[in-house]
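Enquirer: here is the input, now give the coordinates:
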Amino acid sequence: MRRMNGLDRMFLFVESEKIPMDLIGIFLLDPSTAPDGVHDFQRVRAELAARITRVPLFTSRPVFAPFAAGHESWLTVGDFDIDHHLKHVGVPAPRDFGALCELVSTLVNKPLDRDRPLWHAYYVDGFADGSAALLLRLHHASIDGVGGMQMMTELFDTEPLPASAIPAPTPVPGERVPLPGELLARSMPDQVVNGIRFLRHAIPLAVPVFRGLASRLLSGEQSTTEPPSEAGPDDGATPRSLFNRPTETGKRAVSATSVSMTDVRTITERFGVTVNDVVLSVTNAAVVDYLRARDELPDEPLRVTGPVNIREESATAADGNHFTFMLTAIPDIADPVERLRTVAARTAKARPERTARAGDPTVRKPTNAVLENVMGLVDSLPGATWFALRDLVTSPVFNAVPPVVNYIVSNIPGPKGKLYLAGAEITHIHGRTMVGGGVGLFVFCVSHADTLDFGITTLAELVPDPAEIADGIGHHFEVLLAEARKRKQAATDRAGRAGKGRSGR
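Expert: The predicted model follows:
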């Protein structure tokens, strides 16, 4: 069995009907690229059956000690049957992408069965334009964004292969299910180790808080609401927004949009920023427009967070969760270039530094001591604590707690080349993500080949029309692209005039 880490455990323990912890990858397919003209449900089933055993999450289910005592693990299932997990459905009228988004919102409304591997897949066909889709539903406990990209390299091809190229399935040896008493005995050392780890991370967090309170009480020089004089541009409380309100259900709404990576690079090269800076800038502009149109825009800057990869080189492909968070306040700035440069400056300040590691120079570690201790607490908290936090988050009391963030943006670099499933090209990759627990908007971005796809997930009670945000992202991207092209052309014209001046001398 493979032990879970703290984030894996958290996603399982805090899940409820109001806070579902599942994700759906939405893969749009172009069957016309199949070299032998064969692309249907039976071929997709055969290919997935042959490939999913390469990725442990598809054949592993969670195992818990009694009383949430600890030692939560992933157990390999020996009698795996793909027909328990893969279904064939048709897209409803009007048989377009909007209908698919509605299907994604309504298809699944129950938690995944924890007695089986935590996933389901749906092959969707019947689109008016002849396309198809694969919906892959996973539990966040078993995978994170970077792991999802690694998973795709195992499930999909890098060229359109004929049906005759389907490999034979690889048998998976199952593991014996431990008795409850065995699991309880194995959990005993966890109680000691996690208690020590809890104190190691909790004390550094608590000491500054109590020291600050004592200083204020003794000196009386500074009120508890007055910010320190050295406060930076990102300091200050997170405003309460439309996205932070409570809801009666966890029902989600979905939309998406896409832009060209060639156009994204035009912007990044012209202004010297990152792809993530562009994503945050255009997304926040669209979100601000959405809130302003409803007279819901707070006076303070919206605060956005996003996961940052800290996956170890030794981490199994597509295995569990290995990330921390970056928190950034983005002010409402009308000028698109000024807004982009402000975002770039703030993300550079907030972004964890790269950590040199043999074979993997891209791994990041949180450099902020507070954040590092928070992540340490996540790893050490017992299951009973997570159950209590789950009940707190879904209770009316939680409404009085100030929000930490307003919404989430995740930007994952995907494969640089094209991908194929059963001969069909994967033209777009969108995500229906988690929302809830005080955060009602999640924007998931993934780049692949020459496409940057945005998937927008909202709590339907708060934002029933996420397509408006998707349209806003497209609009603000085009505005920024036009500005980049204009400045690039102006620079070219200046260089041309300078060259003519030198040649005329």
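
Enquirer: secondary structure class for Ile412?
Expert: Of the three states, Ile412 takes strand according to DSSP: H, G, I helix; E, B strand; the rest coil.

Enquirer: can you tell me how far it is from Asp144?
Expert: 9 Å (Cβ to Cβ, to the nearest Å). In short, each C-beta sits where N, CA and C put it, glycine included.

Enquirer: of those two, which one has the most company?
Expert: Of the pair Ile412 and Asp144, Asp144 is the one with more neighbours under other Cβ atoms under 10 Å, namely 27 against 20.

Enquirer: in the stretch 101-250 of the chain, which spans are strands?
Expert: In the stretch 101-250 of the chain, the strands defined using DSSP state E, counting those that start in this stretch lie at 119-125, 132-139.

Enquirer: correct me, but Phe156 touches Gly423?
Expert: No - between Phe156 and Gly423 no contact is recorded; they are 11.0 Å apart, counting by Cβ atoms under 8 Å.

Enquirer: which one's more surrounded, those two?
Expert: The neighbour comparison of Phe156 against Gly423 (other Cβ under 10 Å) goes to Gly423, with 26 against 19.

Enquirer: excluding chain neighbours, what is closest to the more buried one?
Expert: Among residues not flanking Gly423 along the chain, Ala34 sits closest, at 3.0 Å (Cβ to Cβ, 6 or more residues apart in numbering).

Enquirer: circling back to that earlier point, nearest to Phe97, out of the strands of the stretch 101-250 of the chain?
Expert: strand 132-139 (8.9 Å; Cβ to Cβ).

Enquirer: run through who's touching the closest one.
Expert: Residues outside strand 132-139 that contact it (Cβ atoms under 8 Å, 6 or more residues apart in numbering): 11-12, 21-29, 31, 39, 44, 57, 91, 100, 103-104, 107-108, 112, 118-125, 127, 148, 421, 424.

Enquirer: buried ones from the residues you listed, can you make that a ChimeraX selection?
Expert: Per 16 or more other Cβ atoms under 10 Å, the buried members of the contacts of strand 132-139 correspond to this ChimeraX selection:
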select :11,12,21,22,23,24,25,26,27,28,29,31,39,44,57,91,100,103,104,107,108,112,118,119,120,121,122,123,124,125,127,148,421,424
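
Enquirer: phi, psi for Phe97 please.
Expert: Main-chain dihedrals, Phe97, degrees, to the nearest 10: phi -70, psi -40.

Enquirer: actually Gly436, not the one I wrote
Expert: As for Gly436, its main-chain torsions (degrees, to the nearest 10) stand at phi 130, psi 180.

Enquirer: what's the pLDDT at it?
Expert: Listed pLDDT for Gly436 reads 90.

Enquirer: again with Ala334
Expert: We have a pLDDT of 95 for Ala334.

Enquirer: the one 10 residues further on now?
Expert: Per-residue confidence for Ala344 comes out at a pLDDT of 95.

Enquirer: who's in contact with the spatially most central residue of the chain?
Expert: Nearest residue to the geometric centre of the chain (Cα atoms, centre = their mean): Ser410, 4.6 Å. Residues in contact with Ser410 (Cβ under 8 Å, 6+ apart) are Gly145, Gly306, Pro307, Thr433, Phe442, Val443, Phe444, Cys445.

Enquirer: kindly indicate which of these lies nearest Glu468.
Expert: For these, the nearest to Glu468 is Val443 (13.2 Å; Cβ to Cβ).

Enquirer: isn't that closest one up against Ile408?
Expert: Yes - if you go by Cβ under 8 Å, Val443 and Ile408 touch, sitting 7.1 Å apart.

Enquirer: mind listing the helices for this protein?
Expert: For the chain, the helices defined by DSSP state H occupy 6-13, 41-51, 97-107, 145-155, 180-219, 261-271, 275-293, 336-350, 369-380, 383-393, 466-503.

Enquirer: mind checking which of these is nearest Gly417?
Expert: Comparison of the helices of the chain against Gly417 by Cβ to Cβ identifies helix 145-155 as nearest, at 10.5 Å.

Enquirer: quick check: buried residues in that closest one?
Expert: Gly145, Val146, Gly147, Gly148, Met149, Gln150, Met151, Met152, Thr153, Leu155.

Enquirer: make JSON lines out of the helices of the chain and add distance to Ile429.
Expert: Shown next, in JSON lines, are the helices of the chain (distance: least, Cβ to Cβ, whole Å):
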{"stretch": "helix 6-13", "distance to Ile429": "22"}
{"stretch": "helix 41-51", "distance to Ile429": "16"}
{"stretch": "helix 97-107", "distance to Ile429": "13"}
{"stretch": "helix 145-155", "distance to Ile429": "8"}
{"stretch": "helix 180-219", "distance to Ile429": "36"}
{"stretch": "helix 261-271", "distance to Ile429": "13"}
{"stretch": "helix 275-293", "distance to Ile429": "15"}
{"stretch": "helix 336-350", "distance to Ile429": "23"}
{"stretch": "helix 369-380", "distance to Ile429": "28"}
{"stretch": "helix 383-393", "distance to Ile429": "30"}
{"stretch": "helix 466-503", "distance to Ile429": "15"}
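
Enquirer: which stretch among those helices comes nearest Glu300?
Expert: Nearest to Glu300, of all the helices of the chain, is helix 275-293, at 12.2 Å by Cβ to Cβ.
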